[in-house]
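1. Here you go, sequence then predicted model.
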Amino acid sequence: MTTIVILTVVVLTVIAAGAVIYTAPARALAKRQLSEEECKQLNDITETAVRWAKQWLDTATGAEKKEEVLRYLEEKTSELG
């Protein structure tokens, strides 16, 4: 019985630590506020990527299109900082 309690506490501690480590970058990003101009620019880049995927990836699956759009967005946003 005591072993189960100890094991449960250890597992919950590991899960809690993992959650803190995993969510820290997301919290940092959420705290950063985009200016109106940055938000508009990000929306424009996203619309361009989605239009490109719809027009040129006719035979690709939805998942493949999403991956290409994400790759494009990551590339462009890293260029912009």
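-> Thanks, I have the structure now.

2. residues touching Val69, list them.
-> Shown in contact with Val69 (C-beta atoms under 8 Å, 6 or more residues apart in numbering): 46, 49-50, 52-53. (C-beta placed from N, C-alpha, C; glycine too.)

3. actually Ile15, not the one I wrote
-> Contacts of Ile15 (C-beta under 8 Å, 6+ apart): none.

4. Kindly report the same for Glu64.
-> Glu64 touches Leu57, counting by C-beta under 8 Å, 6+ apart.

5. Spell out which helix or strand contains it, please.
-> Per DSSP states H and E, Glu64 falls inside helix 62-80.

6. what does Trp52 give?
-> Element membership for Trp52 (DSSP H and E) is helix 36-56.

7. related to what we said a few turns ago, Glu74: which of the contacts of Val69 is nearest?
-> Ala49 (10.2 Å; C-beta to C-beta).

8. Against Lys65, how distant is that closest one?
-> Distance of Ala49 to Lys65, computed by C-beta to C-beta, to the nearest Å: 10 Å.

9. One more: Asn43?
-> Going from Asn43 to Lys65 by C-beta to C-beta gives 18 Å.

10. Give me the more crowded residue out of these two.
-> Using other C-beta atoms under 10 Å as the criterion, Asn43 and Lys65 rank with Lys65 on top: 18 against 10.

11. Spit out the contact partners of the more buried one.
-> Contacts for Lys65 (C-beta under 8 Å, 6+ apart) come out as 53-54, 57.

12. again, only using 10 Å
-> Taking C-beta atoms under 10 Å, 6 or more residues apart in numbering, we find Lys65 in contact with 49-50, 52-54, 56-58.

13. what's the pLDDT at Val5?
-> pLDDT, Val5: 76.

14. Equivalent analysis for Leu12, please.
-> Listed pLDDT for Leu12 reads 69.

15. Then Gln55?
-> Reported pLDDT for Gln55: 80.

16. How about Glu74?
-> Note on Glu74: pLDDT of 84.

17. Same question for Val50.
-> 85.

18. In space, what's closest to it - neighbours in sequence excluded?
-> Val69 (5.9 Å; C-beta to C-beta, 6 or more residues apart in numbering).

19. Alright, that wraps it up for me.
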